[in-house]
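> return atomic coordinates for the entry below.
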Amino acid sequence: MSHPATNPSRGALLWRLVVHSSHYTVGSLLVTLASVVSFPILTHAFSVAEYGALNLISSLLLLWTGLGKLGIQQSIARFHAETVSGHRAISESRYVRTVLYGMAATGLAASAGWLLMAWVVPAAWWHDARVATLLVPLSGLVLLRVADSAISNVLRAQQRSVLLNAYLVARRYLSLGLVVLLIFTVAPGLEGFYAATYAVESVAVVALWIYLMRRHPAVDGQFSRQAFRDMVVFGAPMIAFELAGIVLSLGDRYVLQVLLGPEAVGRYAAAYNFSDYVRMILFTSVAQALTPIYSRLYEERGAQATSHFVERSLRVYLMLSAAVLAGMTAVGGNVLTLLASDRYSTPQAVIPLVVAAMCIDGGMPFFSAGIYLRKRNHVIVPIVVAAAVLNIVLNLVLVPHMGIVGSAAATLVSYFFVTGAAWRIGARFLPVRFPLMDLVKFGALAAAMYFVVMQVSLAPRWLDLGAKVVVGAVTYGALLLATDRESRSLAARLLARAWGAWKARGLRAAAGEPTA
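I've put the predicted structure just below:
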């Protein structure tokens, strides 16, 4: 009979998802707070065209980092679950070292490919001299970011969410501080930005690399060729998946660059990046916590228990997504111009369309769970490639008539296509029922919240936005508690844990023990 610790109830698993998601949410919130602080700094320090160039370079770094990861990051949590459950004949220490050494090698190869691109591609092809001059110096960032992916995914697979988030937060704030110091003193412009990025990411990656090596000594060998080969076989089909995903999310920048120029790229990128902060705080946090939990659950309790867990988790995700979409529709445009200045103002439809696309994309870990767990990643690759092509085609068709709204609409349609296809394919391996009536209910509650929020009107603008956020959160929370039993159960459990922690603290204080 399974030990209770390894055979938790579905309610306990859902609570574990909430707990780990909250860790990732706090970490993402702190990282995103730094991004929110840096956002007005960068948008004011750089011209709109420079900000566009920054985003073009960022998309290139994502592309080459995706090549360098070789899809292996997709397999780390899945194979770690097999390793610690005893289904793979390798120790955890050797597995961790295999991941780190293997991805360092693939990252080095990608850095060499970046350098070759920088030397071979004519500067005129970039449509911006700033991009061409920075390419060669930035080759090392590819290696650093591949290594960072290895480290982060190992910690995520181990469900060490506190350490992972401490690492990400420390790195982000050190980077922010050094960026501000350099761009306003000795190295203004993109050169200062990337010099600071280089310095901080190098120190962060080396420090945590050494920590993991010491924690996982080479007891039974440094590197397992078989394990690495298995991870490559599992992850290799995901190279096309990841690269197509990058084109899907960032390819529109290049269409805008060619058709409308760098200032259009800057405005659209500002709106997209601002919306992406929401993804980092909320949607990415759920996905980071979800995959290791259902991987372990699948190994220990099988498909049916995993399916029930994914369905319940999806319901919570939809509950959150409805509120986010309504809230961003209400205040997103005003917050963007408040942070970045009116130079970056966009048509009202852009942010709701982009946020809706991110909500849909954020559901991918739920809908594709069967594909991931049954190691059938290759079946989704053609769908993502088709979605990337669809996105580019829609941009070419819509942008000349609709401007940057056309790019936002193309993004929404493309993400809907790829997520819907993933659900249909994933259901063959792990059935996941879509809670349509729950979505209708959450949508109605979110619409009511939107109506209430839009009645708030205060001056100055920052006070109006703050009041709208508070009123929206309170309104949606109250409506959920009044109409949804699952929400009441989670709230009761949260209050019980808070009460228990407060009571234990009081008992320790009464006994004269430390309360920290």
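> domain ranges for this protein, per the record?
With automatic domain parsing serving as the domain definition, the record reports that the chain contains domains spanning 8-434, 449-504.
> tell me, how many residues neighbour residue 89?
When neighbours are defined as other CB atoms under 10 Å, residue 89 has 10 of them. Where you see a C-beta, it was placed from the backbone N, CA and C, and this is true even at glycine.
> where are the low-confidence patches of the stretch 1-150 of the chain?
1-28 (pLDDT under 70).
> now with 90?
1-60, 62-63, 66-67, 70-96, 118-136 (pLDDT under 90).
> so residue 453 touches residue 329, yeah?
No - in terms of CB atoms under 8 Å, residue 453 does not count as a neighbour of residue 329; the distance is 9.4 Å.
> could you identify which of the domains of the chain is most buried?
Using mean count of other CB atoms under 10 Å, the stretch among those with the greatest mean number of neighbours is domain 8-434 (a mean of 19).
> so how far is that domain off the chain centroid?
Taking CA atoms, centre = their mean, to the nearest Å, the mean C-alpha location of domain 8-434 is offset from the chain mean by 5 Å.
> so where does residue 319 fall, helix or strand?
helix 303-340 (DSSP states H and E).
> show me what the helix or strand that residue 267 is a member of is packed up against.
Secondary structure from DSSP H and E places residue 267 in helix 262-278. Contact analysis of helix 262-278 by 3 or more CB pairs under 8 Å, 6 or more residues apart in numbering; DSSP states H and E lists helix 10-45, helix 48-69, helix 237-259, helix 303-340, helix 350-362, helix 404-426 as its packing neighbours.
> make CSV from these and add distance to residue 495 to it.
Rendered in CSV, the data for the helices and strands packed on helix 262-278 read as follows (distance: least, CB to CB, whole Å):
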stretch, distance to residue 495
helix 10-45, 13
helix 48-69, 41
helix 237-259, 38
helix 303-340, 17
helix 350-362, 27
helix 404-426, 34
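> can you say which of these is nearest to residue 480?
helix 303-340 (6.9 Å; CB to CB).
> state the mean pLDDT of that closest one.
Along helix 303-340, the predicted local confidence has a mean pLDDT of 87.
> so what's residue 182 up against?
For residue 182, the contacting residues are 192-193, 195-196, taking CB atoms under 8 Å, 6 or more residues apart in numbering as the criterion.
> next, give me the two most distant ones among those residues.
The largest distance within those, taken as CB to CB, falls between 193 and 195 and amounts to 7.4 Å.
> which stretches in the stretch 51-200 of the chain count as helices?
Taking DSSP state H, counting those that start in this stretch as the test, the helices found in the stretch 51-200 of the chain are 73-84, 92-120, 129-134, 139-157, 161-183, 190-215.
> quick one: closest of those to residue 373.
Distances from residue 373 to each of the helices of the stretch 51-200 of the chain were compared using CB to CB; the minimum, 7.5 Å, belongs to helix 73-84.
> helices or strands next to that closest one in the packing?
Judged by 3+ CB pairs under 8 Å, 6+ apart, helix 73-84 is in contact with helix 92-120, helix 139-157, helix 225-235, helix 237-259, helix 284-301, helix 369-373.
> what is the mean pLDDT for the shortest one?
Model confidence over helix 369-373 averages 85 on the pLDDT scale.
> so which residues make contact with that helix?
Here helix 369-373 makes contact (CB under 8 Å, 6+ apart) with 74, 78, 291, 294-295, 298, 303, 306, 310, 365, 376-377, 379-380, 422, 425-432.
> adding distance to residue 468, write the helices of the stretch 51-200 of the chain out as JSON lines.
Shown next, in JSON lines, are the helices of the stretch 51-200 of the chain (distance: least, CB to CB, whole Å):
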{"stretch": "helix 73-84", "distance to residue 468": "38"}
{"stretch": "helix 92-120", "distance to residue 468": "44"}
{"stretch": "helix 129-134", "distance to residue 468": "38"}
{"stretch": "helix 139-157", "distance to residue 468": "34"}
{"stretch": "helix 161-183", "distance to residue 468": "27"}
{"stretch": "helix 190-215", "distance to residue 468": "32"}
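> select, out of those helices, the one closest to residue 491.
Shortest separation from residue 491 across these is recorded for helix 161-183, at 21.7 Å, computed as CB to CB.
> that closest one vs helix 190-215, what angle?
Following axes from the mean of the first three to the mean of the last three CA atoms, to 10 degrees, one obtains 150 degrees for the angle between helix 161-183 and helix 190-215.
> mind putting the contacts of residue 182 in JSON lines, pLDDT and distance to residue 135 included?
Formatted as JSON lines, the contacts of residue 182 follow (pLDDT from 0 to 100; distance: CB to CB, whole Å):
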{"residue": "192", "pLDDT": "90", "distance to residue 135": "17"}
{"residue": "193", "pLDDT": "91", "distance to residue 135": "15"}
{"residue": "195", "pLDDT": "92", "distance to residue 135": "15"}
{"residue": "196", "pLDDT": "92", "distance to residue 135": "18"}
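> could you dump those into CSV and include distance to residue 234?
Rendered in CSV, the data for the contacts of residue 182 read as follows (distance: CB to CB, whole Å):
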residue, distance to residue 234
192, 40
193, 36
195, 37
196, 36
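> for the residues you listed, which one is nearest residue 252?
In terms of CB to CB, no member of the contacts of residue 182 lies closer to residue 252 than residue 193, at 22.7 Å.
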